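[1] Just to be clear, the model below is a prediction. Sequence and coordinates:
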Amino acid sequence: MAAAGNSTNDLRPPIDAVDRELIRLLQQDARSTNASLAASVGIAPSTCLTRVRALIERGAITGFHAAVDPRALGLALEALISINIKVGARRAVATFADEMRALPEVTQVFFLGGAEDFIVHVATRDSDHLRQFVVDNLSAHPSVASTRTSLVFEHDAPRMTVPD
């Protein structure tokens, strides 16, 4: 399916300035009330509710999430693990990605074009648990050719700036 506005067959209305402001406000505080959002953008609460629901239905808003500090959960060490898949295992890429997403230590999975096939973001208790994660889930995996682990010293929460 083409992204909104990229196809002549796309009948969805474009995201206008009010929708962009609603998205921006929800990014700042996903717990904002409908009444608060409506007042902030100068529309009726019923119109606001309809617009937010439409943004969700068309995939502009993909979810509402609580941002959690991994350290508060006892996960003091984060790492980015670059992974190369074996040439003969290229057909297993989707399965590999699903397996990675299912692991409790994995916070994000990136399927890439370039030098690496994947980057997996993990959060673990300490370096011993990180080593064990790599040994158990990557080094022993039949599809993995190589890995490279980079420790994360600081991590800003992901954000998407709403373009004007």
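    Received the coordinates, thanks.
[2] so who does the residue of the chain positioned farthest from its centre touch?
    Distance to the chain centre peaks in the chain at Ala44, reaching 31.6 Å (criterion: Cα atoms, centre = their mean). Ala44 makes contact with Ala38 under the criterion Cβ atoms under 8 Å, 6 or more residues apart in numbering. For glycine as for every other residue, the C-beta is placed from the backbone atoms N, C-alpha and C.
[3] any idea how far Ala145 is from Ala38?
    53 Å (Cβ to Cβ, to the nearest Å).
[4] Val106 too?
    The spacing between Val106 and Ala38, counted by Cβ to Cβ, is 38 Å.
[5] which stretches of the chain form strands?
    Secondary structure of the chain (DSSP state E): strands at 77-85, 106-111, 118-124, 144-152.
[6] what's the closest of the ones you listed to Thr33?
    For the strands of the chain, the distance to Thr33 is smallest for strand 106-111, at 29.1 Å, taking Cβ to Cβ.
[7] mean confidence for the closest one?
    Strand 106-111 shows a mean pLDDT of 96 in the predicted model.
[8] tell me the angle it makes with strand 77-85.
    With axes from the mean of the first three to the mean of the last three Cα atoms, to 10 degrees as the criterion, the two stretches strand 106-111 and strand 77-85 enclose an angle of 30 degrees.
[9] Which residues does strand 106-111 contact?
    Contacts for strand 106-111 (Cβ under 8 Å, 6+ apart): 70, 78, 93, 97, 100-101, 117-123.
[10] How many neighbouring residues does Pro45 have?
    Burial of Pro45, expressed as a neighbour count using other Cβ atoms under 10 Å, amounts to 14.
[11] I meant Arg24, not that one.
    Using other Cβ under 10 Å, Arg24 is surrounded by 14 other residues.
[12] I am finished for the moment; much appreciated.
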